[in-house]
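[1] Predicted model follows, preceded by the sequence.
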Amino acid sequence: MSTSRTASVLLLAPALVLFAVLTVYPLGRGLLLSFFATDYGLDGATFVGFANYTDLLDDRFFQRAIWNTVVFTLLATASEVALGLVLALLVLRRFPGRWLVIPGIVAPFVLSTMVVTAIWSAWFHFDFGFLNNLLRAVGVAPVAWLFDPDIALLSLVLVDLWQTAPLTFLILLAGMQSIPKEVYEAARVDGAPPVRIFFTITLPLLMPHILLAALLRSIESFKIFDKVYALTGGGPGHATETLSMYVYRLGFRFFDVGLASAAAMMMIVIAGLLAAIYAISIMRRDSDVG
Amino acid sequence: MKTLACLMLAGSVLAGAVAAKAETLVIAGRDGSFGDALSLAVERYKAANPGLEVERLELTGGGLLEKVTIAMREKSGAYDVIMLDDPWAVEFMSNGWLADLDTLGGGIAEDFVEPTRNVSRYPVGSGPHYAVPFVGNVELFAYRKDLFDKHGLAKPASWTDVLAAARTINQAEADVSGVVFRGKKANPIVTGFLPILWAHGARIVGEDGTAQFDSPASVEALKLFLDLKAYAPQGVETYNSTEVRDALMQGTTAMTIELWPSWAPSLDDPAKSKVPGKIEIMAAPGQVQGPAPMLGSWLLAVPADSKNAERARDFIDFVTSEDMQKTLALEIGLPPTRASVYADADVVAKYRWYPAQFEALQNAQPRPRTPQWSRIETILGDYLQLAMIGEMSPEEAVSEAHERIARALKR
Amino acid sequence: MTGSAPRTLVGFGVAGLMLLPVLWMISTSVKPPVDYVSTSISLLPSRITLEHYQALIEDDLVGKLLNSVVVAFGSTFLALAAGFPAAYALVRLRLPAGFDNVFLMFVLVIKLAPPLVLAIPLYQVLRTLGLLDSLAGLILVYQVYSLPFAIWMLIGFVRDVPMSYEEAARIDGASLIQRLVTVVLPIMMPGLVATGVFLMILSWNEFAYALLFVQTPSKFTLPTYIATLITEDETFWGRLTAIGFLASLPILALVGVVQKGLTRGFAGGLK
């Protein structure tokens, strides 16, 4: 089977080369740079050991960025899975016009994030934004969507929710459709009320899909950059500065490449920890089942 | 798959066609009124130079700084002309990112007001010219003469007077706040605070290039700034130039800490202002030191990696010529940088405050000349905001900011 | 089914709510500027104008559109060309012990790593290759996202190709490459198209790298161009919504074409 060996190497080669140039090398170089004080590359850089890392851990704005990112990730993921679930339940059974409703729900997901932020930056406008016009029309005081430090992060969650709930909706709908009808028939014969059927049958059987949706969404929300960049720039104060935004500021505003690389490495570690939590919860489930 | 390949081919052919066009000049500059001024100038320049293509990039201050810094660091040759704020100049010039204009086209005219010419040179004030002053902005202070008269207040001579006047008017007038300033983080809040800081005799960077921010004078200045906030409108932490200008023109504030000439070309225009003729403009008050108006000039320069440097230089000369400066002042309200334009009868007839503005510009002091200024400004902005929203005491904010600035200066 | 009328009603209500921002976008793109500074919640324009679309065309919208098209097709093609053989090898060929698992783990780690984390060293890579400030450079760096995604999705589709077809071809003496091209590729076409659509959307919408690696305005892609319209002092709502609408049309059309593949694609990496 040595021909197969050579063949597999050949088939994998293009992908491996791309990975080597675009990810392995940059990751390695980033790790190396994180131990230096430098504003460019390794020429003229001073070795500083772990100083960049200790500086970061000491920095209140870095801590704030971690906090913001984790809060955003949790809120966005939870709300998107919840809304996706509700929407999927809504269209699970056939009804006239369903073929029109599903694309309508999915539409926001395919819009470019920059288009999405463009729409919402107008909706959030304090004086003439659609949302505040709506609030005024029903006699409620307008809200400083992007300027109130307590609300700005929630506003970003709202935008993310609108744009990506369709994705969780699609995943969960596919999951629900894969549950055999007989399971429900049996429960209905037993006279179980719909709510109980949902909690005792649908939800447990849907769990793998819920976890998949949660994983995909938390990975993406953890990286959030473009919405923050275009809607708040990280403000007011540091209320919406996420880790990606923090790395961007250090690396491309101040060209503190060593410090930015250290921040990037720590970001990967945090992402890895989040992934590990997810992996463990999956494995525990699997061992429960098996 | 075939259609895919065809489309790709068509795409690349079209892209090639787009790339192979006539001589192009790529300009990266500001949006807003500076952008409008440049648009007008570009239009005239193209009319005089048929066949020339001009590509424009218009960005906010922060966005522009990021974009041009990246391009010049990487020597991408993407831009032929850039607009820059004078505090960025030292970083750009000391890194060798800008073309020496004394070799490229032979220096710049004496007519440009001295402080703006000084910041265009490196070493500052003595070296070769690397930029040409385009916008003669200088930070001024504005107050409502009618309201001051009504409440028996004299023109403020110190920041203590400003505070007292803000309190009086804020309490007496229902719809007018005592004072307004830019409170948005980063550049805006820092620029709003600096006049107060300078007046208190405090400094950020010393002559020797070390951090000198941690001082009783800085703390005093910050305390006064925070006291003023009590008489500013709610949400002032998010105010930028638009909000400040609106407050002034709508007559909802008695004073603004900072007023840039470029913000207010229409102070006396009844169509745009609810209080025409009632706003008085002066250099910012002093405190322990006399007033020292702050320079906020915008310059035009040619990146060292430009692929079309000769043409770029020619364009800059055109835009900053006496004729064009006068046109831009009259039509857009762009503050000139040439002394001769400030002496022009048409210009002075249109803007009654120009003599005062000219005097302030001649005496203007630039911000600290350090390559690390962008970083320092961000640090200051962060901590000023923390103090303003009450997360830190003024003492803590000053000392922690000092520590960060010191670290940044060492890098 | 009984009681389907209320279901229809609720369904349309919910879809309408989700679509409201989109409807607002379309209507705002034909509103005259005076309508923006109003506190009305009406979606209807006071009069219909095409001035924003005109302004966009004068601002070289077509050039930016072309850039986006070139980058989207280029990066999609590259990701499929490198990803398809890799996915096949990972599923079908015997690899050194544990290699496929290590490889998949690696793909997952890359998916986890935020794009900005790699941006600084990638600058050096592009500089070395002389691809800074170019569309070719963008096509290359987009592989950071596109390639793992392509492999991830294509693995599911390779598994679906029945072994027996390939066996038959092998007995007939077809080489591996011949089998790939004549047997596997045609069967996988729907999967490749679905994957391609996702890759296309991915790069059509990409922002962070386009912002960092391109400086010349005439080389901007749509998302970076859109970002320059959101300014500090004034926002060009008319132009923003007009370009938002235009930029969304191709994507909506693509999704319409492969609607069925949508859910299948996301479930691909599940098992």
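    Sure, I can see it. Numbers count the residues shown, from 1 in each chain, chains lettered A, B, ... in the order given.
[2] Where does pLDDT dip in the chain?
    Just so you know, I chose chain A. A:1-4, A:282-283, A:285-290 (pLDDT under 70).
[3] Oops, wrong one, chain C.
    Applying pLDDT under 70 to the predicted model, the residue ranges of chain C that meet it are C:1-3, C:95-97, C:232-235, C:257-271.
[4] Helices along that one, start to end?
    For chain C, the helices defined by DSSP state H occupy C:4-28, C:51-58, C:61-92, C:99-112, C:115-129, C:135-141, C:143-159, C:163-171, C:176-179, C:185-205, C:208-213, C:222-229, C:237-257, C:259-268.
[5] what do you get for chain A?
    For chain A, helices defined by DSSP H occupy the ranges A:2-19, A:25-33, A:51-58, A:60-92, A:98-110, A:113-123, A:130-137, A:152-177, A:181-189, A:194-197, A:203-222, A:226-231, A:243-248, A:257-289.
[6] And the ones you listed: which comes nearest residue B:83?
    Comparing the helices of chain A against residue B:83 with Cβ to Cβ, the closest turns out to be helix A:226-231 (21.7 Å). For glycine as for every other residue, the C-beta is placed from the backbone atoms N, C-alpha and C.
[7] sorry, back to before: would you mind giving the helices of chain A as CSV with distance to residue B:60 and mean neighbour count added?
    Formatted as CSV, the helices of chain A follow (distance: least, Cβ to Cβ, whole Å; neighbours: other Cβ atoms under 10 Å in any protein chain shown):
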stretch, distance to residue B:60, mean neighbour count
helix A:2-19, 35, 17
helix A:25-33, 29, 19
helix A:51-58, 28, 16
helix A:60-92, 22, 20
helix A:98-110, 27, 19
helix A:113-123, 13, 26
helix A:130-137, 23, 16
helix A:152-177, 18, 23
helix A:181-189, 56, 11
helix A:194-197, 52, 12
helix A:203-222, 26, 19
helix A:226-231, 12, 23
helix A:243-248, 15, 26
helix A:257-289, 22, 17
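[8] related to what we said a few turns ago, TSV for the helices of chain C, including distance to chain A and mean neighbour count?
    What follows is those, written out as TSV (distance: least, Cβ to the nearest Cβ, whole Å; neighbours: other Cβ atoms under 10 Å in any protein chain shown):
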stretch	distance to chain A	mean neighbour count
helix C:4-28	3	17
helix C:51-58	12	16
helix C:61-92	4	23
helix C:99-112	4	16
helix C:115-129	3	21
helix C:135-141	7	23
helix C:143-159	5	23
helix C:163-171	11	13
helix C:176-179	5	17
helix C:185-205	4	20
helix C:208-213	5	25
helix C:222-229	4	23
helix C:237-257	4	20
helix C:259-268	4	18
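[9] Throw the ones you listed into TSV and include distance to residue B:359, thanks.
    TSV is the format used below for these (distance: least, Cβ to Cβ, whole Å):
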stretch	distance to residue B:359
helix C:4-28	47
helix C:51-58	41
helix C:61-92	46
helix C:99-112	60
helix C:115-129	47
helix C:135-141	51
helix C:143-159	56
helix C:163-171	87
helix C:176-179	81
helix C:185-205	53
helix C:208-213	43
helix C:222-229	37
helix C:237-257	41
helix C:259-268	68
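[10] Just put the helices of chain A in CSV and tack on distance to residue B:351.
    Written out in CSV, the entries for the helices of chain A read as follows (distance: least, Cβ to Cβ, whole Å):
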stretch, distance to residue B:351
helix A:2-19, 60
helix A:25-33, 52
helix A:51-58, 49
helix A:60-92, 42
helix A:98-110, 49
helix A:113-123, 34
helix A:130-137, 37
helix A:152-177, 39
helix A:181-189, 79
helix A:194-197, 73
helix A:203-222, 51
helix A:226-231, 36
helix A:243-248, 41
helix A:257-289, 45
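[11] Using TSV, lay out those together with distance to chain B.
    Below are the helices of chain A laid out as TSV (distance: least, Cβ to the nearest Cβ, whole Å):
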stretch	distance to chain B
helix A:2-19	17
helix A:25-33	14
helix A:51-58	8
helix A:60-92	7
helix A:98-110	20
helix A:113-123	13
helix A:130-137	14
helix A:152-177	10
helix A:181-189	39
helix A:194-197	45
helix A:203-222	23
helix A:226-231	10
helix A:243-248	9
helix A:257-289	9
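[12] Quick one: closest of those helices to residue C:189.
    Residue C:189 sits nearest to helix A:2-19 of all the helices of chain A, at 18.6 Å, using Cβ to Cβ.
[13] tell me what the closest one is packed against?
    If contacts are counted by 3 or more Cβ pairs under 8 Å, 6 or more residues apart in numbering or on different chains; DSSP states H and E, helix A:2-19 sits against helix C:61-92, helix C:99-112, helix C:143-159.
[14] again, only this time at 6 Å
    Packing contacts for helix A:2-19, counted by 3 or more Cβ pairs under 6 Å, 6 or more residues apart in numbering or on different chains; DSSP states H and E, involve helix C:61-92.
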